[in-house]
Structure formats: structure tokens, C-alpha cells
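Asks: Quick one, structure for this:
(one chain, ligands or ions: 1)
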Amino acid sequence: MLFLEPFGVTDEGKVRANNEDALLVGEGRDETLFAVADGIGGFEAGEEASRIAIEVLNELEPGSPFQEAVREANRRILAAGRGDERLSGMGTTVVAVRFGGTTERPVAEVAHVGDSRAYLLRGGSLRPVTEDHSLVAELVRSGDLTRDQAAEHPQKNLITRALGADEEVEVDTAVLPMEAGDRILLCSDGLTDMVSEDGISLILAESPEDPEKAARGLLSAALDAGGNDNITVVVVDVREQPQPETTGTRDRRERSEERRVGKECRYRWSAY
Ligand code: MN
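Replies: Numbering: from 1, shown residues only. Have a look, this model is predicted:
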């Protein structure tokens, strides 16, 4: 049997006065759901947009359509923007992962809009799971820029898709077969703009058994590199259950609560 061990952390960084990122670390109705959203908009509008996106995912019932939840978040952000002048034009990225499938075929479903990313670390190699919806990513795909040039491009933060932009949003999805030892990373661009993929890979490799150490290590690296933006990191480890549970009568929700501290949460969940 596999179980999940997650850890999430968010930080405003060293330059921004507020944190427009938001995260979900298994504390929603579906305990296998994890997400990062990076809000866009003046004053507190960006914070509101990312908060709404996470709120909608927080309410998602296990097994409910995943893409539809992201579309619902888009509608709610648009509606909130129409109802309040200060919020008009707000938007957010979102990247979310939900674990499920069967014991024989465990999977992770990934959905995203914008440039917040998901990666899979397997067998020591870091693989991107998402493709950014950004100007520079499109130029990389068309062959007009290399990945390295894109990382240095002045318009690297210009995204071409976001929640809150249009009535309908196109949501990219992927289904990944999961195996014991896999590690999923979700992050905002406050990490990936500051730390190279090689750097991320190295930090993840330093703490294979400890998602908290991995998440904190990535955050520290982004801060050390300047912390120019809000930084959010969620690391979810997929593990083999070492032995049958012998903790007696407490159910898993009670166990999960005692390991949760504010935005940071650490608990075990028997996923399959
Ligand atoms: Mn950002």
C-alpha cells in the first residue's frame, strides 16, 4: 500500500510587501489534493484571486471532475471582479495535483493554468509535468528561444493564460502513473525564476525521505538567490507503507490534524 507524505510552505520573499501566492496541502475535503496559485492584480486583488482558486479546490469532493473545479474557480474570480471595482482585472495561475486510481494502478492527475509548475522526481531525475502558459514558453516550443534564453528573457513573467481573464479557460491536464519513491513538486515562479532546474534537482536529492526538509531547502535557496517574488513550494512524497498501522483507534483525520501547523502540514494518508 502506498501513502502520501506532503509538506507545503509559502513565503512573501524579500522584495514584495504582500504574499499573493496561496496553497492547499491536503487540508481540503479531498485529502489527496494539493495546489499552488499565484495571484495577479493591484492592491490586494492578486491575493483575493489566488485565495478564491484555492477555496474552490478546498471544497472539491473526492472523485468530482477536476477540470470543472478549475473552470468554476475561473467563474468565481470573474464574478468577484465584476462585483468590486478594486478587484476588477484580478487573476491567478493554478497548478493542482490529485492522487487516486487503484492499488494496481495508482495515478496522479495534474491540472494547470499559467506558469506555476508541477515536476516529478523519479529515480533521481527531475521531469517537468507542466508546460508554462507564457510568452517565453511558447517561443521555446516554436524554437525561437532556448530554455536558457527564456530564463533570462525580460518578459519571462508574461503569462498567456490565467484564471480570471476570460469567461472560458482552457485547463491543461495530465495523468501520471505513480510508484513508490515518486516525489511531486508544485511551485510558483518565485522558486523557478530564482533557482535553476539543476539546483532544484540537487536540493530534492539531498532529502529523499523528508518532504519538509526538501520544501524548506527549496524556499531557502530561492530566498538566498534574492527572493524577488513570493515563493510557494509543495512537496508530496509517495511512499510504500512500511508496515500495517498499529496506532489503534484514532482515525486518519485525527492523526492528520495533530501534524498540521498553519500553512504547513505534515501527515500520513493511506492513499490506495
Ligand atoms: Mn509569482
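Asks: How about the contacts made by A118?
Replies: 95, 97, 110, 112, 128-130, 184-186 (Cβ atoms under 8 Å, 6 or more residues apart in numbering). Backbone N, C-alpha and C define where each C-beta goes, glycine included.
Asks: Let's see that with 10 Å instead.
Replies: By Cβ atoms under 10 Å, 6 or more residues apart in numbering, the residues touching A118 are 34-36, 95-97, 108, 110-112, 127-130, 174, 176, 184-187, 234, 236.
Asks: Tabulate the CA atom coordinates of stretch 26-35 in PDB.
Replies: Coordinates of each C-alpha in stretch 26-35 appear next as PDB, following Å, rounded to 0.1, in the frame of the first residue of the first chain:
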ATOM      1  CA  GLY A  26      -4.300  18.200   1.700                       C
ATOM      2  CA  GLU A  27      -6.500  20.100   4.100                       C
ATOM      3  CA  GLY A  28      -9.500  20.200   1.800                       C
ATOM      4  CA  ARG A  29     -12.400  17.800   1.500                       C
ATOM      5  CA  ASP A  30     -10.200  15.700  -0.700                       C
ATOM      6  CA  GLU A  31      -7.100  14.900   1.400                       C
ATOM      7  CA  THR A  32      -5.200  13.800  -1.700                       C
ATOM      8  CA  LEU A  33      -5.500  17.300  -3.300                       C
ATOM      9  CA  PHE A  34      -2.600  19.700  -3.400                       C
ATOM     10  CA  ALA A  35      -2.300  23.100  -5.200                       C
END
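Asks: List the buried residues of it.
Replies: Neighbour counts over stretch 26-35 (16 or more other Cβ atoms under 10 Å) mark 26-28, 30-35 as buried.
Asks: Just the buried subset of the contacts of A118, please.
Replies: Among the contacts of A118, those scoring as buried are 34-36, 95-97, 108, 110-112, 129-130, 174, 176, 184-187, 234, 236 (criterion: 16+ other Cβ under 10 Å).
Asks: any chance of the buried residues of stretch 26-35 in CSV, plus pLDDT and secondary structure?
Replies: Converted to CSV, the buried residues of stretch 26-35 look like this (pLDDT from 0 to 100; DSSP: H, G, I helix; E, B strand; the rest coil):
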residue, pLDDT, secondary structure
G26, 91, coil
E27, 90, coil
G28, 92, coil
D30, 91, coil
E31, 89, coil
T32, 91, coil
L33, 94, strand
F34, 95, strand
A35, 97, strand
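Asks: show me where the stretch 1-150 of the chain has helices.
Replies: Using DSSP state H, counting those that start in this stretch, the helices assigned to the stretch 1-150 of the chain run over residues 45-58, 66-83, 135-141, 147-152.
Asks: Could you list the buried residues of the second one?
Replies: The one in question is helix 66-83. In terms of neighbour count (16+ other Cβ under 10 Å), helix 66-83 has its buried residues at 66, 69-78, 80-81.
Asks: now the angle from that helix to helix 45-58?
Replies: Interaxial angle, helix 66-83 versus helix 45-58 (axes from the mean of the first three to the mean of the last three Cα atoms, to 10 degrees): 140 degrees.
Asks: Next, report how far helix 66-83 is displaced from the centre of its chain.
Replies: Centroid separation for helix 66-83 versus its chain: 18 Å, with Cα atoms, centre = their mean, to the nearest Å.
Asks: Please give me every residue in contact with the residue in the stretch 1-150 of the chain that the ion sits nearest to.
Replies: Nearest residue of the stretch 1-150 of the chain to the ion: D38, at 4.2 Å (Cβ to the ion). Counting by Cβ under 10 Å, 6+ apart, D38 makes contact with 19-23, 46, 49-50, 53, 91-95, 114-116, 157, 159, 162, 187-190, 229-232.
Asks: List the beta-bridge partners for it.
Replies: Taking DSSP bridges as the rule, D38 bridges to D21.
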